[in-house]
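Colleague: Okay, here's the prediction I keep looking at, along with the sequence it came from:
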Amino acid sequence: MSRSPMVVRTVPALRRAVDGLRARKATTALVPTMGALHDGHVSLVRLAKRRAQKVIVSIFVNPTQFAPTEDFGSYPRTWKADLAKLAAEKVDLIWNPDVKAMYPDGFATRIVPEGPATAGLEDRFRPHFFGGVATVVGKLFTQVRPDFAIFGEKDFQQLRVVTQMARDLDLSVKVIGSKTVRERDGLAMSSRNVYLSPDERQTAPVLYRAMKECAKRLKAGDDVEAAMAGGRELIAAAGFVIDYLEARHAETLAPIASVRDGPVRILVAARLGKTRLIDNLGV
Ligand code: PAF
């Protein structure tokens with residue numbers, strides 16, 4: 001049996017715990033999560049452990065990044081299973097505030113990110129999203145004061161947004177992206193995959209296959225728009241409703257006219273039934 005990590009739920013308790021961990025100059029890494037942990041999160045924790053001596057995982061389903069029409073209420077919450085996974089990984093500390101601890105009465109300050117947050121990808125379909133993410137991640141960074149913070153590449157635009165925010169606000173944290181973990185059939189691991197029906201689950205890997213096909217065509221010198229149109233056809237034929245499938249500059253997320261404008265990242269978001277999936281692939 002692994003020993004349970006320490007769990008703190010208030011900011012003063014977090015400060016004391018972090019001060020304790022940082023004693024004797026130990027380095028710390030933060031893995032921000034909304035819980036419902038899967039092997040993708042475990043890989044973030046393992047990368048954190050390789051980078052720093054002490055690892056802190058935050059579990060907080062952040063209401064400010066959900067629109068009223070979205071799944072805040074039904075977002076999977078699996079505390080016991082999460083705790084067991086983090087204990088098995090020998091995480092040092094879990095920061096698990098409730099909404100009042102994160103946003104006390106009278107809370108009135110928000111971070112409004114621009115640049116990669118207004119690239120016309122996720123922001124076009126979830127206009128509230130990056131403001132909520134930047135605000136809570138900004139708070140997590142100042143609360144935990146980590147040397148490193150690990151984010152999955154699966155939320156590629158989010159990774160770019162928090163990297164830019166840390167740079168713009170002169171935060172001393174180094175933001176590190178971690179490779180997407182996939183199921184055997186290529187579907188990117190996500191806490192929202194539990195929403196898929198068995199039939200939808202069979203179909204879902206089409207997103208990855210379509211991106212691979214696009215990447216192959218781009219590498220072979222195909223026209224960017226023609227390659228993307230081909231990918232969109234594959235995805236739509238499988239029954240998805242596409243929000244976007246685009247090839248963008250991997251750093252700035254600006255549109256590209258040719259692979260020579262790269263490094264290139266293909267990014268996709270599409271809905272299958274009630275489930276919205278996102279994914280991306282480097283070219
Ligand atoms: O990627 C997530 O799980 C969330 O957006 C994050 C970074 C924990 C902020 O709530």
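Modeller: Yep, it's here. Numbering: from 1, shown residues only.

Colleague: Where is the longest helix in this structure?
Modeller: Taking DSSP state H as the criterion, the chain has its longest helix at helix 129-144.

Colleague: buried set for it?
Modeller: In terms of neighbour count (16 or more other CB atoms under 10 Å), helix 129-144 has its buried residues at 129-141, 143-144. Heads up, the C-betas are built off the backbone N, CA and C, glycines and all.

Colleague: ok, it near the ligand or not?
Modeller: Yes: under the criterion of CB under 6 Å from any ligand atom, helix 129-144 makes contact with the ligand via 133, 136, 137.

Colleague: Wait, the second one touches residue 102, no?
Modeller: Yes: Residue 136 is within contact range of residue 102, at 6.9 Å (criterion: CB atoms under 8 Å).

Colleague: list residues touching both of the two?
Modeller: 60, 62 (CB atoms under 8 Å, 6 or more residues apart in numbering).

Colleague: thinking again about what came up before, show me the two of the buried residues of helix 129-144 that sit farthest apart.
Modeller: When CB to CB is used, the two most widely separated members of the buried residues of helix 129-144 are 129 and 144, lying 21.9 Å apart.

Colleague: Now render the residues of helix 129-144 next to the ligand as TSV, adding pLDDT.
Modeller: Conversion of the residues of helix 129-144 next to the ligand to TSV gives the following (pLDDT from 0 to 100):
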residue	pLDDT
133	98
136	98
137	98
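
Colleague: Let's have those residues in TSV, adding distance to residue 238.
Modeller: Below are the residues of helix 129-144 next to the ligand laid out as TSV (distance: CB to CB, whole Å):
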residue	distance to residue 238
133	29
136	34
137	33
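
Colleague: Tell me how many other residues surround residue 4.
Modeller: Neighbours of residue 4 under the rule other CB atoms under 10 Å: 12.

Colleague: State the distance from the residue nearest to the spatial centre of the chain to residue 220.
Modeller: For the chain, the residue lying nearest the average C-alpha position, counting by CA atoms, centre = their mean, turns out to be residue 155 (3.9 Å). Summarising the geometry, the distance separating residue 155 from residue 220, computed by CB to CB, to the nearest Å, is 29 Å.
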